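> I need the structure of the sequence given here:
(2 chains)
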There are 2 protein chains.
Amino acid sequence: MKSKLLLSLVAVTLAGSALAQVKNEDAIKWRQSGYAVMAWNMGKLKAMLVDNPASFNKDQAVAAANTIAALANSGMGALYLPGSDKGKGWVETRVKPELFTDGEGVKKVAIAFNKEANELAKLAATGDAAAIKAQFGKVGETCKSCHDKFRKEEK
Amino acid sequence: MKSKLLLSLVAVTLAGSALAQVKNEDAIKWRQSGYAVMAWNMGKLKAMLVDNPASFNKDQAVAAANTIAALANSGMGALYLPGSDKGKGWVETRVKPELFTDGEGVKKVAIAFNKEANELAKLAATGDAAAIKAQFGKVGETCKSCHDKFRKEEK
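Have a look, this model is predicted:
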C-alpha cells in the first residue's frame, strides 16, 4: 500500500482518488512520524547545545531548527481527524481524548509551539549558540506542556 | 543552498561523531518517520495540484513544500548508520544493502532530491500552481529513482 501510494505520487497523470480521503491509520502514522522527526532534531540540538557544546555547528543547527519550524508550520493539526482519538498508526496512539474537546487548550499549546519553533529557526540563522540554546529550552517547554496535557504516559 | 547540500552529503560520512550514541533502532525509526512525513506532504500537494486543482491553496502548498525541503536539508543521510542495513525502527527496514556500498549512486540520488526539493520550496513561494505542479513531478521522480534503486519492495 505504501509503495503504491508513493508510486502514485510521481505518476502525475493518474487520477487517483485514494489520497483525497485520509484514513485514520495514516493520519495517526503521519503525526507520530512528525513528532519522531522533531524528537530526532531536538536531540541533535541538545547534543550540540547542552551535552557537548564543542560540537556546535551552525549549519547543522539551522538544518535542525528549520525542520522543527517547518513541521510546526505544516498543519499537523489537520491529522487529528474526528475518530482518531483511538487507533493505530505505527503504534497505538497515545493522544488523550481531551485534545478533541479542549479547543482552547489545544489552541494555546499550538500557538506557543509554533511561535517558539519559528523563533528558534530565526535565531539559528544568526549562529549565536547561547541565544539558540535559550530558545531551544523554550521550544522544549512547549513540547512538554502539550505532552503533559494531551499525551498519555507510555505503558 | 550549496552549503545545505554539502551538509546533507557530508553528514553521511560524519555519522560517527555527533551521532555516536544513536541506536540503530532509533536511526531506522527516524528515517522511516522522515519519509512518512514526506509522503504525507507529497500527498497534500498531489491532492491540490493533480486530483483537485480547485482546492489549490498557496499557504498550504508553501507549508508542504517547506517541510519536504527542510527534510531534504536535514541530514537524513546520517541516519544510515553502519549496521542499520538490517533492523527494526517502527517496522523492519526496507533499505537495500546497496545503499551502504554504492557511494556514487547514493550521492547522485541525494543531490537530485535535494536540488529538486529546494526548487519546489522556492517555486511554492511564488504561488504559481502550474510551475509548482511541474516541479512537484520532478521531486516525485527523484523519490522514485531512489526507491527503485535502494528500497526493497513491500512484502
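
> could you count how many residues lie near A:G77?
11 (other C-beta atoms under 10 Å in any protein chain shown). For every residue, glycine as well, the C-beta is placed using N, CA and C.

> quick one: pLDDT of it?
Looking at A:G77, its pLDDT stands at 96.

> burial measure for the residue lying closest to it once chain neighbours are set aside, as a count.
Distance criterion C-beta to C-beta, 6 or more residues apart in numbering or on different chains; nearest residue to A:G77, sequence neighbours excluded, is A:A110 at 6.4 Å. Using other C-beta under 10 Å, A:A110 is surrounded by 15 other residues.

> got it, and A:V109?
Neighbour number of A:V109 under other C-beta under 10 Å is 20.

> pLDDT below threshold where in chain A?
For chain A, the stretches with pLDDT under 70 are A:1-20.

> is any residue of the helix or strand hosting A:G34 near chain B?
Secondary structure assignment for A:G34, by DSSP states H and E: helix A:24-46. Yes: Helix A:24-46 is in contact with chain B by C-beta under 8 Å from any C-beta of the partner chain, via A:D26, A:K29, A:W30, A:Q32, A:S33, A:G34, A:A36, A:V37, A:A39, A:W40, A:N41, A:K44.

> what comes up buried for that helix?
Buried positions in helix A:24-46, judged by neighbour count with 16 or more other C-beta atoms under 10 Å in any protein chain shown: A:24, A:26-46.

> please apply the same query to stretch A:46-57.
A:K46, A:A47, A:M48, A:L49, A:F56, A:N57.

> turn those residues into CSV, including distance to A:K155.
Listed next are the buried residues of stretch A:46-57 as CSV, based on distance: C-beta to C-beta, whole Å:
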residue, distance to A:K155
A:K46, 25
A:A47, 28
A:M48, 32
A:L49, 31
A:F56, 37
A:N57, 37
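
> can you tell me which of these comes closest to chain B?
Distances from chain B to these, taken as C-beta to the nearest C-beta, are shortest for A:A47 (5.6 Å).

> quick check, that closest one in contact with A:F56.
No: using C-beta atoms under 8 Å, A:A47 is not in contact with A:F56; the gap is 9.5 Å.

> between the strand or helix carrying A:A131 and helix A:24-46, how many degrees?
According to DSSP H and E, A:A131 maps onto helix A:129-150. Per axes from the mean of the first three to the mean of the last three C-alpha atoms, to 10 degrees, the angle that helix A:129-150 makes with helix A:24-46 is 150 degrees.

> and helix A:129-150, what other elements does it pack with?
helix A:24-46, helix A:58-72, helix A:103-124 (3 or more C-beta pairs under 8 Å, 6 or more residues apart in numbering or on different chains; DSSP states H and E).

> only alpha carbons, please: show it as CSV.
Extracted C-alpha coordinates of helix A:129-150, given in CSV (Å, rounded to 0.1, in the frame of the first residue of the first chain):
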residue,chain,number,x,y,z
ALA,A,129,24.9,29.4,20.2
ALA,A,130,23.9,31.0,23.6
ALA,A,131,20.7,32.5,22.1
ILE,A,132,19.9,29.3,20.2
LYS,A,133,20.4,27.3,23.5
ALA,A,134,18.0,29.6,25.4
GLN,A,135,15.4,29.4,22.7
PHE,A,136,15.9,25.6,22.4
GLY,A,137,14.8,25.5,26.1
LYS,A,138,11.7,27.5,25.3
VAL,A,139,10.7,25.2,22.5
GLY,A,140,11.2,22.2,24.8
GLU,A,141,8.9,23.7,27.3
THR,A,142,6.1,24.0,24.7
CYS,A,143,6.7,20.3,23.8
LYS,A,144,6.4,19.3,27.4
SER,A,145,3.3,21.4,28.2
CYS,A,146,1.5,19.7,25.3
HIS,A,147,2.7,16.2,26.3
ASP,A,148,1.6,16.8,29.9
LYS,A,149,-1.8,17.9,28.9
PHE,A,150,-2.6,15.8,25.8
